[in-house]
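[1] Pasting the sequence and the predicted coordinates here, then a few questions.
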There are 2 protein chains.
Amino acid sequence: MTNPVLIGGQWVASRGTQTFFACNPSSQQQIDREFPVSPWEDIDRALDAAADASRELRGISGARIAEFLEAYAGQIEQRSEPLVAAAHEETGLPVSPRLRDVELPRTTDQLRQAAAAALSESWRDATIDTAAGIRSMRGPVGPVVVFGPNNFPFAFSGIAGGDFAAAIAAGNPVIAKGHSCHPETTRLFAEAALAAIEAADMPKALVQLIYRTSHEDGFRLVSDPRIGACGYTGARQTGLKLKQAADAAGKPIYLELSSINPVFILDGVLRDGVDAMAEEFTGSCLMGAGQFCTNPGMVVVSDSPAGHQFVSAVARRFEGTAPGTMLSDGVCRSFGSSIDLLQKAGARLVCGGTPGGGQGVCFANTLLTVTGQQFLNDPETFQTEAFGNGSLIVLAESPEQMCAIAEQLEGNLTGCVYSCPEGSDDAVYDRLEPILRTKVGRLLNDKMPTGVAVSPAMNHGGPYPSTGHPGFTAVGIPASITRFTALYCYDNVRSHRLPAILQDPGLGPDVWRRIDGVWTTGDVGAPAQTP
Amino acid sequence: MTNPVLIGGQWVASRGTQTFFACNPSSQQQIDREFPVSPWEDIDRALDAAADASRELRGISGARIAEFLEAYAGQIEQRSEPLVAAAHEETGLPVSPRLRDVELPRTTDQLRQAAAAALSESWRDATIDTAAGIRSMRGPVGPVVVFGPNNFPFAFSGIAGGDFAAAIAAGNPVIAKGHSCHPETTRLFAEAALAAIEAADMPKALVQLIYRTSHEDGFRLVSDPRIGACGYTGARQTGLKLKQAADAAGKPIYLELSSINPVFILDGVLRDGVDAMAEEFTGSCLMGAGQFCTNPGMVVVSDSPAGHQFVSAVARRFEGTAPGTMLSDGVCRSFGSSIDLLQKAGARLVCGGTPGGGQGVCFANTLLTVTGQQFLNDPETFQTEAFGNGSLIVLAESPEQMCAIAEQLEGNLTGCVYSCPEGSDDAVYDRLEPILRTKVGRLLNDKMPTGVAVSPAMNHGGPYPSTGHPGFTAVGIPASITRFTALYCYDNVRSHRLPAILQDPGLGPDVWRRIDGVWTTGDVGAPAQTP
């Protein structure tokens, strides 16, 4: 019996005939649950339902949106055991420490942070110019299509993750495209969402779920006139094709694509302790079999005895650690191909390089090196993302060459610099930082990039091609919400017709507005406070 | 002698051989000043110079940027008479009231508002999360290419207008592409900019000026790896081609394209006085020969005796007013073609419809009508922009039909609703507003859309295809500045290495930061004030 799709608050049979099954990467067995490949008719119905919900949602209060998001977080917690079990079965990711005690709490926390933002309307950027009689705020952009990735079945899920939470917080219905590696996990979320929709008395079509479509229908979906915007996290090639389709239709699309997350380790750090640094790097690089958007895929150290000791110290750890189970055969094959490509371009294999060696789908922890000059001779190839448990170490001849390497970097989500706390690396840091700053969204000191805190100051974004636009972040509230908004300006609009947040009275101590250039929680016309 | 181009702080000869001349639209004579069509070599040099300047500008203080913008405003004021004379000669726009006493002061005011924003860093959205150790702000995106339009030789000029001011305020160098209808005006601005660069001791290549390129080189320019972003104001067709090129290269491009700016006049208003309404509309529609991005190109009234009286009252005024001089033969021909197209689709010509009748390049003030049903039968054609001194009045059978018409609207910069102050139109307003809200950037009550105040709450933007993205505005500071920024996040970065605005101490009473969710001008760690 093929699972139905969720459209307009109803579980309905797909109009399609094609189906698919997920695979358990730990056992390498097909999972006996059948899911539909949705034809355009399913998508078309989902679009109509979402467009209707978008109209129903016009003018809805932040309090009601918050109520839904809170109810959803609660429903997810009630279903945490089946969710964790399904995600483990479908992705091979460890139950603990990962799915149960890291990713699921992060997901519900994200939904609750979005609820708080809906309530405080912090995402609205309410701006009041009393002299000109003009007031503006952000408002919903319209139905949002969210494509979730394979590597975070909870926190980036199309139906429960960061893009979903952000789209809903701004008052938009969502059409979720689940990842076809973990359809059952996604289905369980949809049940929780449906229960929350009922509990919070929201429009039934607030959330749609489709499991899989053809590529062509995906392109058509992101360029459909009925949608407002799209969020996509996944592989670069597919993402760029979706971008092309959405761009041509004038639809905003926010992409989180590949990133190699360069880490520069300056000499003073290695002098202070090669082993501690190797330990920290290995932990970050092999966590979750390296299947993180912010996995450190490239390390730059000096081509010095200390640099070579670092390579050896990492290699020992890589060889002494069992490789993790990967998300799918496809991920494993693609990792292998990237490793091959890097070797063919001249990278030296230090360890790993072959599939197997652990439970289920896996690939040996793999370390490669190139010289700085090799990198500079072919920077494009040596920035090929190898998504998995491996990394490329670049051995730079000199600080000048490190800077030259940084100048050749593509846009990345993150960039790290480890430097001696006593200041011996400061001269190099000061030359490197201004270059690296323009190449990455998040610049770190003395810290691996793998953790992505859900902080208002987070940037999980970066220059192209790590994303499609350097001004937006996929993580961090309220900033991530602004992606799914339009700017609504009211000029000379009669005061009782304005949305509450633009009327004269303030909305309490948590609701900030910029009134005549001053941020305040007070009423229009109230005397300004000196903060 | 062909005028040189401005690259790297030097007036240098173009490497090209093609040249062009502007035309005086009032006398219809060619102006005897020769300007170069720049080949790729000129553009390539400008890109290199701008990329160098971008590196020099890294970490520059807001105070120094402000100093340049202030100096530039002063230099423009010193040169106001030659600027006004050149712009009048090249565009036919009236010296007064327009160029001297409206557009030039608006332009210098805009530069000074941008200077104030650079100083107060209000565009940075400085966000500090003390618990997570993460701090973020907006930073410069890199060299910005600005294409200015024909219709605002000062306020939207590529080298002095809103996009220019916004790009510079964020610390980006600019490559200005002047409009080829007014090259001498643009050249005079470049001289003023160069003097200000010297006075403020800025990088010489802060501003480049090129007058004209081939379309192909334009596409190459907006997709070049050396640029950060692009701003374009102009015709839809060219804008969308530039968008395609920039999108494919992952370069943000902000477009301000066509808009017909629908005006809904509800019955209560006409009942209160057809003539006053006709007078107000005529003033807005014919101002500057209708060559405004926010010109009211479509009016919806009821198909009632009052509606027909309104049509007649407008027609009398259109016929009794001499048509203004248009910007160029091209604009005039294009206006004529649009009027023809609307007539061929079935619109009734009430008055006008032919070229001539005033000084120089001009076209009779033109009024057309269609029924609501005609509009609904072919909404795409009847939303053809006729850029000039004309408008299309749609006669709607009923309030339901008015709403149906609103549902068919494309994205527009503005939408207006005139309604009876005593409330008799409120029921219709309440149905119409939620529809119109999602179709326009700026919603007005009882006011024509032509004026675009430089207000922090302004939205001179709107849904596609009026612009390329519904979340951004081309006018209004600081919002317009954020277009030319990237999000810079600092995670665990040592405190002395942070930009000043992200360090613990506050920067004074004008510099706002969001610290742990609270907007304040105080220090990190200072007790929160109750505003």
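    Structure's in. What do you need?

[2] where's residue A:449 relative to chain B, distance?
    8 Å (Cβ to the nearest Cβ, to the nearest Å). (Each C-beta comes from the backbone N, C-alpha and C, glycine too.)

[3] Check residue A:7 too.
    Distance of residue A:7 to chain B, computed by Cβ to the nearest Cβ: 22 Å.

[4] Could you do residue A:430 as well?
    Using Cβ to the nearest Cβ, we find residue A:430 at a distance of 8 Å from chain B.

[5] Same check on residue A:504?
    Distance from residue A:504 to chain B, by Cβ to the nearest Cβ: 14 Å.

[6] ok, and the closest non-adjacent residue to that residue?
    In this structure, residue A:504 finds its nearest non-sequential neighbour in residue A:524, 4.1 Å apart by Cβ to Cβ, 6 or more residues apart in numbering or on different chains.

[7] How many neighbouring residues does residue A:330 have?
    Here the number of neighbours of residue A:330 (other Cβ atoms under 10 Å in any protein chain shown) works out to 14.

[8] Distance of it relative to residue B:438?
    Going from residue A:330 to residue B:438 by Cβ to Cβ, to the nearest Å gives 40 Å.

[9] Residue A:322 too?
    Relative to residue B:438, residue A:322 is positioned 54 Å away (Cβ to Cβ).

[10] who has more neighbours, these two?
    Shown here are residue A:322 and residue B:438; by other Cβ under 10 Å, residue B:438 has more neighbours (23 against 12).

[11] Quick check, the more buried one in contact with residue B:470.
    No. With contact defined as Cβ atoms under 8 Å, residue B:438 does not reach residue B:470; the gap is 9.2 Å.

[12] what's the overlap in contacts for these two?
    A:486, B:463 (Cβ atoms under 8 Å, 6 or more residues apart in numbering or on different chains).

[13] ok, residue A:57 touching residue A:171?
    Yes. Taking contacts as Cβ under 8 Å, residue A:57 lies within contact range of residue A:171: 5.1 Å.

[14] Which of these two has more residues huddled nearby?
    residue A:171 (26 against 22).

[15] neighbours of the nearest residue to that one once chain neighbours are set aside, just the number please.
    Counting by Cβ to Cβ, 6+ apart, residue A:140 is the residue found nearest to residue A:171 once chain neighbours are left out, at 3.9 Å. Here the count is done by other Cβ under 10 Å, and residue A:140 has 27 residues near it.

[16] For residue A:13, grab the count of nearby residues.
    Per other Cβ under 10 Å, the neighbour tally for residue A:13 reads 12.

[17] Show the contacting residues for it.
    A:2, A:4, A:5, A:36.

[18] hmm, 10 Å instead?
    A:1, A:2, A:3, A:4, A:5, A:36, A:42 (Cβ atoms under 10 Å, 6 or more residues apart in numbering or on different chains).

[19] wait, doesn't the last one sit right on residue A:214?
    In other words, residue A:42. No. Between residue A:42 and residue A:214 there is no contact under Cβ atoms under 10 Å: 11.3 Å.

[20] quick one: residue A:16 from residue A:316, how far?
    Applying Cβ to Cβ, the value for residue A:16 to residue A:316 is 51 Å.

[21] I misspoke; the intended subject was residue A:281.
    12 Å.

[22] Comparing these two, which residue is more hemmed in?
    Using other Cβ under 10 Å as the criterion, residue A:281 and residue A:316 rank with residue A:281 on top: 23 against 14.

[23] for the more buried one, helix, strand, or coil?
    helix (DSSP: H, G, I helix; E, B strand; the rest coil).

[24] does it really touch residue A:261, like I thought?
    No. With contact defined as Cβ under 10 Å, residue A:281 does not count as touching residue A:261 (11.6 Å).

[25] tell me what the worst-scoring helix or strand of chain A on mean pLDDT is packed against?
    Using mean pLDDT, DSSP states H and E, the weakest-scoring helix or strand in chain A turns out to be helix A:267-272, at a mean of 94. Judged by 3 or more Cβ pairs under 10 Å, 6 or more residues apart in numbering or on different chains; DSSP states H and E, helix A:267-272 is in contact with helix A:274-286, strand A:298-302, helix A:305-319, strand A:412-418, helix A:426-437.

[26] Please identify the buried residues of that helix?
    A:267, A:268, A:269, A:270 (16 or more other Cβ atoms under 10 Å in any protein chain shown).

[27] Stretch A:396-403 too?
    Going by neighbour count (16+ other Cβ under 10 Å), the buried part of stretch A:396-403 is A:396, A:399, A:401, A:402, A:403.

[28] can you tell me how far residue A:396 sits from residue A:310?
    Distance, residue A:396 to residue A:310, by Cβ to Cβ: 12 Å.

[29] List the residues that are in contact with both of these two.
    Counting by Cβ under 10 Å, 6+ apart, the residues touching both residue A:396 and residue A:310 are A:301, A:302, A:304.

[30] and for residue A:281 and residue A:261, which residues touch both?
    A:296, A:299, A:391, A:416, A:448.

[31] right, and residue A:524 touches residue A:133 too?
    No. Contact criterion Cβ under 10 Å: residue A:524 and residue A:133 do not qualify, at 11.5 Å.

[32] Now the common contact residues for those two.
    By Cβ under 10 Å, 6+ apart, the residues touching both residue A:524 and residue A:133 are residue A:495.

[33] so where is the stretch 251-400 of chain A shaky, pLDDT-wise?
    Across the stretch 251-400 of chain A, nothing is flagged by pLDDT under 70.

[34] make it 90
    Within the stretch 251-400 of chain A, the ranges that satisfy pLDDT under 90 run A:258, A:272.

[35] Those residues of it touching chain B, which are they?
    The stretch 251-400 of chain A comes close to chain B at residues A:251, A:252, A:253, A:255, A:257, as judged by Cβ under 10 Å from any Cβ of the partner chain.

[36] Just to be sure, the fourth one is in a strand?
    Yes. Residue A:255 forms part of a strand when assessed by three-state DSSP.

[37] Excluding chain neighbours, what is closest to residue A:462?
    residue A:441 (3.1 Å).

[38] Just the angle for the helix or strand that contains the one you found relative to helix A:426-437, thanks.
    Per DSSP states H and E: residue A:441 is located in strand A:440-445. Here the directions of strand A:440-445 and helix A:426-437 differ by 160 degrees (axes from the mean of the first three to the mean of the last three Cα atoms, to 10 degrees).

[39] Using CSV, write down the CA coordinates of strand A:440-445.
    Presented in CSV, the C-alpha positions along strand A:440-445 are these (Å, rounded to 0.1, in the frame of the first residue of the first chain):
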residue,chain,number,x,y,z
VAL,A,440,33.1,33.2,4.1
GLY,A,441,29.8,33.8,6.0
ARG,A,442,31.1,32.9,9.4
LEU,A,443,34.7,33.5,10.5
LEU,A,444,35.9,31.5,13.5
ASN,A,445,38.8,31.8,15.8
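
[40] name the helices or strands packed onto the next helix or strand after it?
    Using DSSP H and E, the helix or strand that follows strand A:440-445 towards the C-terminus is helix A:479-482. Using 3+ Cβ pairs under 10 Å, 6+ apart as the contact definition, the elements that helix A:479-482 packs against are helix A:104-120, helix A:162-169.

[41] So which of those helices is the most surrounded?
    Stretch with highest mean neighbour count among the helices and strands packed on helix A:479-482: helix A:162-169 (a mean of 31; mean count of other Cβ atoms under 10 Å in any protein chain shown).

[42] Reformat the shared contacts of residue A:281 and residue A:261 as JSON lines; add distance to residue A:197 and neighbour count.
    Formatted as JSON lines, the shared contacts of residue A:281 and residue A:261 follow (distance: Cβ to Cβ, whole Å; neighbours: other Cβ atoms under 10 Å in any protein chain shown):
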{"residue": "A:296", "distance to residue A:197": "40", "neighbour count": "21"}
{"residue": "A:299", "distance to residue A:197": "46", "neighbour count": "27"}
{"residue": "A:391", "distance to residue A:197": "43", "neighbour count": "28"}
{"residue": "A:416", "distance to residue A:197": "42", "neighbour count": "26"}
{"residue": "A:448", "distance to residue A:197": "39", "neighbour count": "21"}
